[in-house]
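A.B. asks: Give me a model of this one.
(one chain, ligands or ions: 2)
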Amino acid sequence: MEQTNQRIAKISAHLYPSNSQHMEDSCGIRRANCRAKGGAPGFKVAILGAAGGIGQPLAMLMKINPLVSVLHLYDVVNSPGVTADISHMDTGAVVRGFLGQAQLESALTGMDLVIIPAGVPRKPGMTRDDLFNINAGIVKTLCEGIAKSCPRAVVNLISNPVNSTVPIAAEVFKKAGTYDPKRLLGVTMLDVVRANTFVAEVLGLDPRDVDVPVVGGHAGVTILPLLSQVKPPSSFTQEEVEYLTNRIQNGGTEVVEAKAGAGSATLSMAYAAVKFADACLRGLRGDAGVVECAFVSSQVTELPFFASKVRLGRNGAEEVFQLGPLNEYERVGLEKAKKELSASIQKGVSFIRK
Ligand SMILES: NC(=O)C1=CN([C@@H]2O[C@H](COP(=O)(O)OP(=O)(O)OC[C@H]3O[C@@H](n4cnc5c(N)ncnc54)[C@H](O)[C@@H]3O)[C@@H](O)[C@H]2O)C=CC1
Ligand SMILES: O=C([O-])CC(=O)C(=O)O
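C.D. replies: Ligands and ions are numbered 1, 2, ... in the order given. Prediction:
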C-alpha cells in the first residue's frame, strides 16, 4: 500500500509540477492537481462589469484573443457564473472571476489593460448624459481601484457618458498622483464600426475595406464623422452626407429604440471593444503603425479631451493626430460638437473637484 502511494505521488509530481502550489481555478475554488496553465506569453486583462450585456460577449471574445494570457472578470453580480462558463473555452487565456468591491483589488493587481463596461445603459427617451448620476460614481470607484492596484495599466473606458466619464477618470488619477494621459482612452470605436458599415452600404463596398475617421466625442452631435477623409477616397452627394452623418450620430439611439427598454448596443459594442482592445495590446507589444480613433487627452482643439486618430504604442496613446483638412459641413459640425463636449467635460471634472 505504502509503495502504491509513493508511485502515485511520483507520477503526480511529474504530471502536476505545480501541485504543491494549489492553483486557484476559474471559480475561485482552490483545487489541487491543477497543472500550472499558460506560461504562454501574453497580457493580463481585466474586464470590470463583466457580467453585463457588453461584459459577457466581451469576455468571450477576449478569451479567444491570442494576446491575452490572463483574463480577470469582475462584477458586483453574477461574475462566478460567467467566469465558470467562459473558463471552459479551450483557448489559451486563464480566466479568474471576482465578485464585489472586496475583490476589486485582487481583480486589478498586475493588470496590463483594464476594460470598463460597468454601469447602467439607456432606455428609450434618455440621453447618454441622463446616465451621469449613476455611472459617474461607478467609474470613480473603479478608477480609485485602478490607481491603487494597477496604476500603470492602460484603461479602455466604455461606460457612458464617455464625454464625462473620461474626464472623471482623469481627475481620479490626478488626485491619486498616478495620471498618465497616454494610458486613459475613451472607447469611441463603435462610432467608427458603425460609420464603416453605413458608408460601405451607401458605396456598395465591403465594410472591411472602408475606413471612416470619427472624431469629437461619443454622444449625438459630438460624434463627427469625417466623410471627406473616407478611405478609399469617395465622394458623396449632400443628401448622402446628411443621411450618413445623422445615422452615425444616432446609431446608439437606433439600437436603444429597437431594443425597446431592454438596453442599448451590447453585441456590436463588444465587437468594437475587442477590436479596440486588440489594437491597444498590439501597441503594448510594440507593433508599429497601430492607429485607431479614441477619446483622449488632446491638444488637437482647445478642449482638454477630444476623439481623433491616435497611434497606440508601448505606453498607450503615444501620438494624437490632427484632424486634417475639413470641408465646410465638417467645420460647422466641429463647432457644434465642441460646444456640447466642453460642457460634458466640465461636468465630469466638477464631479470630482466639487
Ligand atoms: N462607449 C460606447 O460606445 C458604449 C457604451 N455603452 C455603455 O456601457 C455601459 C454598460 O452597458 P451594458 O453592458 O449594456 O449594461 P448592463 O446593465 O447590461 O451591464 C452593466 C454591468 O455593470 C455592472 N456594474 C454595475 N455597477 C458596477 C460596479 N460598481 N462595479 C462593477 N460592475 C458594475 C452590472 O452589475 C452589470 O453587470 C453603459 O453605461 C452603456 O451606456 C454601451 C454601448 C456603447
Ligand atoms: O446609445 C447608447 O446609449 C449606447 C452607446 O453609447 C452606443 O450604442 O453608441
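A.B. asks: where does the residue of the stretch 151-300 of the chain found nearest ligand 2 sit relative to I223, distance-wise?
C.D. replies: For the stretch 151-300 of the chain and ligand 2, the shortest gap (CB to the nearest ligand atom) falls at G252, measuring 2.3 Å. Just so you know, the C-beta spots here come from the backbone N, C-alpha and C atoms, and that holds for glycine as well. Per CB to CB, to the nearest Å, G252 is found 9 Å from I223.
A.B. asks: likewise V310?
C.D. replies: V310 is 17 Å from I223, by CB to CB.
A.B. asks: again with E340
C.D. replies: Taking CB to CB, one finds E340 at 10 Å from I223.
A.B. asks: Which one's more surrounded, those two?
C.D. replies: I223 (27 against 17; other CB atoms under 10 Å).
A.B. asks: residues touching the more buried one, list them.
C.D. replies: When the contact criterion is CB atoms under 8 Å, 6 or more residues apart in numbering, the partners of I223 are T188, D191, V214, G216, G217, I248, Q249, A337.
A.B. asks: cool, K175 as well?
C.D. replies: A147, I352.
A.B. asks: Give me the next element, helix or strand, following the strand or helix carrying it.
C.D. replies: Here K175, judged by DSSP states H and E, is contained in helix 162-176. For helix 162-176, the following helix or strand on the C-terminal side (DSSP H and E) is strand 184-186.
A.B. asks: Identify the residues contacting that next one?
C.D. replies: Counting by CB under 8 Å, 6+ apart, residues outside strand 184-186 touching it are 154-157, 162-163, 165-166, 169-170, 173, 218, 276, 280, 294-297, 305, 307, 310, 316-317.
A.B. asks: can you rerun that using 7 Å?
C.D. replies: When contacts are defined by CB atoms under 7 Å, 6 or more residues apart in numbering, strand 184-186 is touched by residues 155-157, 162, 166, 169-170, 173, 218, 294-297, 316-317.
A.B. asks: Quick one: name whatever helix or strand follows it.
C.D. replies: According to DSSP H and E, the helix or strand after strand 184-186 is helix 189-203.
A.B. asks: Next, the angle from that next one to helix 162-176.
C.D. replies: Helix 189-203 runs at 150 degrees relative to helix 162-176, counting by axes from the mean of the first three to the mean of the last three CA atoms, to 10 degrees.
A.B. asks: now for helix 189-203, which elements pack on it?
C.D. replies: Contacts defined by 3 or more CB pairs under 7 Å, 6 or more residues apart in numbering; DSSP states H and E place helix 189-203 against strand 214-216, helix 238-249, helix 267-285, strand 290-297.
A.B. asks: and the third one, anywhere near ligand 1?
C.D. replies: Pointing back at helix 267-285 there. Yes - using CB under 6 Å from any ligand atom, helix 267-285 reaches ligand 1 at M269.
A.B. asks: What residues of that helix count as buried?
C.D. replies: 268-284 (16 or more other CB atoms under 10 Å).
A.B. asks: likewise stretch 164-174?
C.D. replies: So for stretch 164-174, counting by 16+ other CB under 10 Å, buried means S164, T165, V166, P167, I168, A169, A170, E171, V172, F173.
A.B. asks: T222 versus whatever residue of the chain ends up closest to ligand 1, what's the distance?
C.D. replies: Of all residues in the chain, the one sitting closest to ligand 1 is G52 (2.0 Å; CB to the nearest ligand atom). The spacing between G52 and T222, counted by CB to CB, is 24 Å.
A.B. asks: more crowded one of these two?
C.D. replies: T222 (29 against 25).
A.B. asks: Just give the closest residue to H72, not the sequence neighbours.
C.D. replies: A46 (4.1 Å; CB to CB, 6 or more residues apart in numbering).
A.B. asks: I'd assumed D112 was in contact with that neighbour.
C.D. replies: No - counting by CB atoms under 7 Å, D112 is not a contact partner of A46; they are 9.1 Å apart.
A.B. asks: the longest helix in this protein is where?
C.D. replies: With secondary structure taken from DSSP state H, the chain has its longest helix at helix 328-353.
A.B. asks: got the buried residues for it?
C.D. replies: Applying a neighbour-count criterion of 16+ other CB under 10 Å, one finds 330, 333-334, 337-338, 340-342, 344-345, 347-349, 351-352 buried in helix 328-353.
A.B. asks: just stretch 255-262 next, same as before
C.D. replies: Here stretch 255-262 shows V255, V256, K259 as buried, counting by 16+ other CB under 10 Å.
A.B. asks: what's next to it, contact-wise?
C.D. replies: Under CB under 7 Å, 6+ apart, the answer for stretch 255-262 is R122, K123, P124, S264, A265.
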